[in-house]
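> Sequence and predicted structure below; questions after.
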Amino acid sequence: MNFPFNGVTDCICRLPTTEQVAWNRMALVTTAEVCDANPQLIVSGELRALQPIFQIYGRRPVFSGPVVTLKVFEDNVLVREFLEEKGNGRVLVVDGGGSSRCAILGGNPVVQAQNNGWAGIVVNGCIRDVDEINGCDIGVRALASHPMKANKKGIGEKHVSITVAGTRISDGEWLYADTDGILISRTELSV
C-alpha cells in the first residue's frame, strides 16, 4: 500500500523485521542509558560512541543492526549497489571521507533501501533529496545535505574497517542509533 508524502516519491510501508522488533524493545533503553550501564565495555573499547557530528534524517530516528562498511569518495555507485541488496535489518555505514562537495546518497537509493529491509544508513558525507528521505521509514544520518550529485565511477572498498566520527568501525559490528547519538558495539547488546 502506498501513502503520498506531500507530493514526494511514495514510500512503501512494511511490517518491521525481527531485528527492528528487537531494537524497538531495546529502544525503551536509550543509548545514554546503555553507556551508563556499561562503563566496563566503554573502557575496554567494546562499546564506542561516534562523535556528535551527524544530522538526523528519515522517519526512523531509532534504529540498529549489524554493520556493513563501505569506503568511497565522492562516488555513489557502490552505495547504490549495496542498497539494491536485501538489507535483512543491517545498517550501511559509508565513509565518504567527510566530503562536503557533493551528495553520495539521494532519495531513490534510500527508498530502495527501505523497501529492501535495511534498518539504516550512516554517511560520513552529504546526502540530497532530503524531503524524499524524510518521508521514508528508515533511519539516515549524514553530515549535511548538498544539491550536487556524486561521480559514477564505481571506485571504493567494500567490507573494510573504516574510521568515522573518531571511531573505528568494522564489518559485522553492531550499530545502535537514537536521538542521543550513535553507538558501535563489537557484539549485539542485550537488555
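Arrived safely.
> show me where this structure has strands.
Using DSSP state E, the strands of the chain run over 2-5, 8-12, 47-49, 55-57, 63-71, 91-95, 103-105, 120-127, 139-145, 157-158, 162-164, 167-169, 174-178, 181-185.
> Residues touching the third one, excluding its own?
This means strand 47-49. Residues outside strand 47-49 that contact it (C-beta atoms under 8 Å, 6 or more residues apart in numbering) are 31, 34-35, 38, 41-42, 167-168, 181-186, 189. C-betas here are computed from N, CA, C, even on glycine.
> Can you tell me which of the residues you listed is closest to Gln112?
Nearest to Gln112 out of the contacts of strand 47-49 is Ile182 (C-beta to C-beta; 22.6 Å).
> Need the nearest residue in space to that closest one, chain neighbours excluded.
Nearest residue to Ile182 in three dimensions, chain neighbours excluded: Leu50, at 4.3 Å (C-beta to C-beta, 6 or more residues apart in numbering).
> What count of nearby residues applies to the one you found?
21 (other C-beta atoms under 10 Å).
> Isn't it up against Gly166?
Yes - counting by C-beta atoms under 8 Å, Leu50 touches Gly166, with 7.0 Å between them.
> Low-confidence ranges, the chain, go.
For the chain, the stretches flagged by pLDDT under 70 are 1-28, 191.
> Mind listing the residues bridging to the residue nearest the centre of it?
Most central in the chain under C-alpha atoms, centre = their mean is Ile121, positioned 2.0 Å from the mean C-alpha point. Ile121 forms beta bridges with Leu92, Val140, as assigned by DSSP bridges.
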